[in-house]
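Enquirer: could you look at this predicted model? Sequence included:
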Amino acid sequence: MDNDKVKDLKSWFRSKEHFSFDRAKPLEPMLSVLIIILFSLAISTAFKLLGSALFGTTPKGTASSFGLSGMIVAALVVWRTSIAQDQTKNAKEALFNDKVKASITDLHTQLQITKWQNGKAANGWDDDVTRRNGAIDQLLGLATEDPQSASRIARMLSV
């Protein structure tokens with residue numbers, strides 16, 4: 001499961017419906033202006049801090065420390081978001097592997113039955129066909145869910 005690259009906006013938001021930019025057209029100018037304002041404020045703050053670090057002119061007051069601490073907090077938030085994304089990816093892979101393992105285990109299930117031979121009861125084992133069919137269906141669903149792992153699932157079944 002390689003989800004490092006986001007294919008399109010639909011897959012990013014995990015939406016089953018295609019996103020229509022026609023419905024969002026009135027919001028585009030406002031969103032663009034907001035992004036430009038925030039980006040320009042971030043750049044001006046960075047240059048202000050860089051200038052004060054290079055030339056030794058630090059502004060007086062409490063707002064001067066807010067800029068530096070704000071940039072530090074922003075960097076930590078970006079770093080934490082990156083780590084959370086990696087953890088989510090690893091958790092999804094582990095869950096997928098657990099599902100595959102459970103399905104493979106169900107392929108080998110047997111059912112204890114009582115057989116009557118010559119008027120005597122004898123316990124024996126028989127294949128649990130219903131559970132095996134369910135496991136095969138589950139593996140098919142997993143291969144459909146993640147087409148990149150379909151070859152791996154097929155290799156497990158052929159051994």
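Expert: It's in.
Enquirer: who touches stretch 118-128?
Expert: With Cβ atoms under 8 Å, 6 or more residues apart in numbering as the test, stretch 118-128 has contacts from 109-116. Every residue, glycine included, has its C-beta placed from N, CA and C.
Enquirer: so how far is that stretch from its chain's centroid?
Expert: 48 Å (Cα atoms, centre = their mean, to the nearest Å).
Enquirer: what does stretch 39-51 give?
Expert: 33 Å.
Enquirer: please apply the same query to stretch 84-96.
Expert: 6 Å.
Enquirer: likewise for stretch 134-154?
Expert: Using Cα atoms, centre = their mean, the offset of stretch 134-154 from its chain centre is 18 Å.
Enquirer: only the buried residues of it, if you could.
Expert: 135, 138-139, 142-143, 146, 149, 153 (16 or more other Cβ atoms under 10 Å).
Enquirer: quick one: name whatever helix or strand follows the longest helix along the chain.
Expert: Looking across the chain with DSSP state H, the single longest helix is helix 62-107. On the C-terminal side of helix 62-107, the closest following helix or strand by DSSP states H and E is strand 110-117.
Enquirer: okay, the residue nearest in space to the middle of the chain: pLDDT?
Expert: The centroid of the chain falls nearest to residue 89 when counting by Cα atoms, centre = their mean (4.3 Å). Note for residue 89: predicted pLDDT of 92.
Enquirer: just residue 2 next, same as before
Expert: 49.
Enquirer: how about residue 103?
Expert: For residue 103, pLDDT reads 89.
Enquirer: what sits against it?
Expert: Residue 103 neighbours (Cβ under 8 Å, 6+ apart): 135, 138-139, 142.
Enquirer: so the one helix or strand residue 133 maps to versus helix 62-107, what angle?
Expert: Using DSSP H and E, residue 133 sits in helix 129-145. Counting by axes from the mean of the first three to the mean of the last three Cα atoms, to 10 degrees, helix 129-145 lies at 140 degrees to helix 62-107.
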